[in-house]
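Enquirer: predicted model follows, preceded by the sequence.
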Amino acid sequence: MNRKKIDVVVIGAGPAGLAAATAAKKSGADSVLLLERNEFLGGILLQCIHDGFGLHQFDQMLAGPQYAELLVEGLMKEDVVHLLNSMVIDIDRDRTVTAVTPKGLWQLDAKAVVLAMGCRERTRGAIEIPGSRPAGIFTAGMAQRYMNLRNLRPGREVVILGSGDVGLIMARHVALEDGMRPVCVLEIKNHLGGLMRNKVQCLDDYGIPLHLSTTVTDIRGKHRLEGITTCRVDEQMKPIPGTEQEIACDTLFLSVGLIPENELSKRAGVTLSDGTRGALVDNNYETNVPGIFSAGNVLHIHDVADYASFEGYQVGANAAAYAKQPWDRERRFPVHAGDGIMYVLPHVLCEGCREAELKFRVKKPYDNVRIVIENGGERLYRKRFTKILASEMQIVKVKSGVPFHDLRVRVEDAG
């Protein structure tokens, strides 16, 4: 087994990992190693051929591969060492990273580690759709891979379950693909799962029906999918008897949520958040394990890839600083997600902190509300929203005259 000492090891070469490795080297880390299990740098960006990337970072409307190319160019300018086809199989609390690479089995003694493994899709098994098990059922990301990277047609008459951004974009893609037709998009919740602009551009512009409070309750077909049974659901998302409808289709795309890929995080002893299902981090994006940081979709699901990159740049710089001079574990104070708030990042703040960039989501869509951020009795932020959606992450920078000690984010009625 080969063994080597590295200042900063970054795991995952998607938008957050590429940015983190670039920033770590740029911030003065003597040695940075980027590990990627696939054969190319760029992660999920390579199969996202639609535009919408890079607007915040490069002031350009780019397709996913174009955005990845610019991030890779930044990595190459800093001469960051990277290994492809390299699978990390273990991390311990002492930041020893074990990886299987084309150069053999390596143990890397890292001064700092950045977790940037991204996320995975929830499958049919995760949401327990009953019925037979025919061909023709795909996660939306796998269908995207078939169509965009392999030039394969997964089916003809397509129903999309889930109105997240990937599902909406795939509905439009199907509409544009020769020989394929989007039948409809189904959403179990009573509100849209993705960004409103994607609904307009991907569904409304192409006349694709969206059925809210509706889910799939049965699958039909022996060898190939022949149809599905749908059903309306109540406020508890339970099927309502008597509302069943039969829809003929040969293909079902599942866009039913993303889960941070945190198996390695757990092996390292990283504490996970119930709200995000990613690591619990402080304002340096450091986890409970000293010197292990987290960024991107492995930390929390982003609706805009640019934001994952910005997070990666910040975390890479922090990891480089830690590698140069490890800091003491200060006392930490929790950040509270109050009424109507799904989660807030960072989860905790270091003692003495007076400035923070908060990222949060509301639990559901709200009309005519205010977002309020307070530190004890001091109000730091108050903004009215005529409409605010759970699908849109909010980013707010706050400052306080005194160190944060009881920071809270909440929703209040503006009426």
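Expert: Looks like it came in fine.

Enquirer: and for Phe350, the neighbour number?
Expert: No, residue 350 isn't Phe; it's Cys. Here the number of neighbours of Cys350 (other CB atoms under 10 Å) works out to 19. C-betas here are computed from N, CA, C, even on glycine.

Enquirer: how about the residue sitting nearest the centre point of the chain, nearest residue that isn't a chain neighbour?
Expert: Closest residue to the average C-alpha location of the chain: Ile301 at 2.6 Å, with CA atoms, centre = their mean. Nearest residue to Ile301, sequence neighbours excluded (CB to CB, 6 or more residues apart in numbering): Leu258, at 5.0 Å.

Enquirer: the one you found against Arg120, yeah?
Expert: Yes. Using CB atoms under 8 Å, Leu258 is in contact with Arg120, at 7.0 Å.

Enquirer: gap between the closest residue to Val348 other than its chain neighbours and Pro403?
Expert: Using CB to CB, 6+ apart and skipping the chain neighbours, the partner closest in space to Val348 is Arg332 (4.1 Å). When distance is defined by CB to CB, to the nearest Å, Arg332 is 12 Å away from Pro403.

Enquirer: between these two, which is the more surrounded one?
Expert: It is Arg332, of Arg332 and Pro403, that has more neighbours when counted by other CB under 10 Å, with 18 against 13.

Enquirer: residue contacts, that one?
Expert: 282, 348-351 (CB atoms under 8 Å, 6 or more residues apart in numbering).

Enquirer: try 6 Å this time
Expert: Applying CB atoms under 6 Å, 6 or more residues apart in numbering to Arg332 gives the contacts 282, 348, 350.

Enquirer: OK, contacts around the last one?
Expert: In other words, Cys350. 282-283, 330, 332.

Enquirer: mind redoing it with 8 Å?
Expert: Cys350 touches 282-284, 330-332, counting by CB under 8 Å, 6+ apart.

Enquirer: by neighbour count, which of the residues you listed wins?
Expert: Going by other CB under 10 Å, Asp282 tops those with 22 neighbours.

Enquirer: how close does the residue lying closest to that residue once chain neighbours are set aside get to Ser294?
Expert: Closest residue in space to Asp282, ignoring its immediate chain neighbours: Val348 at 4.9 Å, by CB to CB, 6+ apart. To Ser294, Val348 is 13 Å away according to CB to CB.

Enquirer: mutual contacts of the two, please.
Expert: Val281.

Enquirer: more neighbours: which of those two?
Expert: Ser294 (28 against 18).

Enquirer: test my guess that that one contacts Tyr285.
Expert: Yes. Shown here, Ser294 and Tyr285 form a contact pair, counting by CB under 8 Å, at 6.1 Å.

Enquirer: what sits in contact with each of these two?
Expert: Common neighbours of Ser294 and Tyr285 (CB under 8 Å, 6+ apart) are Val315.

Enquirer: go through the lengthiest helix in the chain and flag the buried ones.
Expert: Ranked by residue count under DSSP state H, the longest helix found in the chain is helix 305-324. By neighbour count with 16 or more other CB atoms under 10 Å, helix 305-324 contains the buried residues 305-323.

Enquirer: try stretch 261-279
Expert: Those would be 261-262, 264-265, 268, 270, 272-273, 275-279, for stretch 261-279 by 16+ other CB under 10 Å.

Enquirer: quick one: that stretch to chain centroid distance?
Expert: Put simply, stretch 261-279 sits 14 Å off its chain's centre (CA atoms, centre = their mean, to the nearest Å).

Enquirer: ok, stretch 96-106 next?
Expert: 26 Å.

Enquirer: quote the end-to-end distance of it.
Expert: 10 Å (CA to CA, to the nearest Å).

Enquirer: got the contact list for stretch 95-112?
Expert: Residues contacting stretch 95-112 (CB under 8 Å, 6+ apart): 1-9, 11, 24, 29, 33, 35, 83-91, 94, 113, 268, 289, 291-293, 319-320, 322-323, 326.

Enquirer: run the last query once more with 6 Å
Expert: 1-9, 35, 83, 85-91, 113, 291, 319, 322-323.

Enquirer: who's in contact with the closest residue to His347 other than its chain neighbours?
Expert: Leaving out its chain neighbours, the residue that sits closest to His347 by CB to CB, 6+ apart is Leu280, at 4.7 Å. Counting by CB under 6 Å, 6+ apart, Leu280 touches 271, 273, 347.

Enquirer: tabulate the residues you listed (a markdown table), appending secondary structure and distance to Asp178.
Expert: Shown next, in a markdown table, are the contacts of Leu280 (DSSP: H, G, I helix; E, B strand; the rest coil; distance: CB to CB, whole Å):
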| residue | secondary structure | distance to Asp178 |
| --- | --- | --- |
| Thr271 | coil | 49 |
| Ser273 | coil | 44 |
| His347 | coil | 48 |
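
Enquirer: which one of those residues is nearest Lys238?
Expert: Ser273 (27.6 Å; CB to CB).

Enquirer: what segments of the stretch 51-200 of the chain are helices?
Expert: Remark: helices assigned in the stretch 51-200 of the chain by DSSP state H, counting those that start in this stretch are 64-77, 124-127, 140-149, 165-176, 196-198.

Enquirer: so which of those helices is the most surrounded?
Expert: Highest mean neighbour count of those: helix 165-176, a mean of 23 (counted as mean count of other CB atoms under 10 Å).

Enquirer: how close does Val100 sit to Thr287?
Expert: Relative to Thr287, and taking CB to CB, Val100 is found at 24 Å.

Enquirer: before we move on, what about Ile228?
Expert: 41 Å.

Enquirer: same deal with Ala21?
Expert: In terms of CB to CB, Ala21 sits 18 Å off from Thr287.
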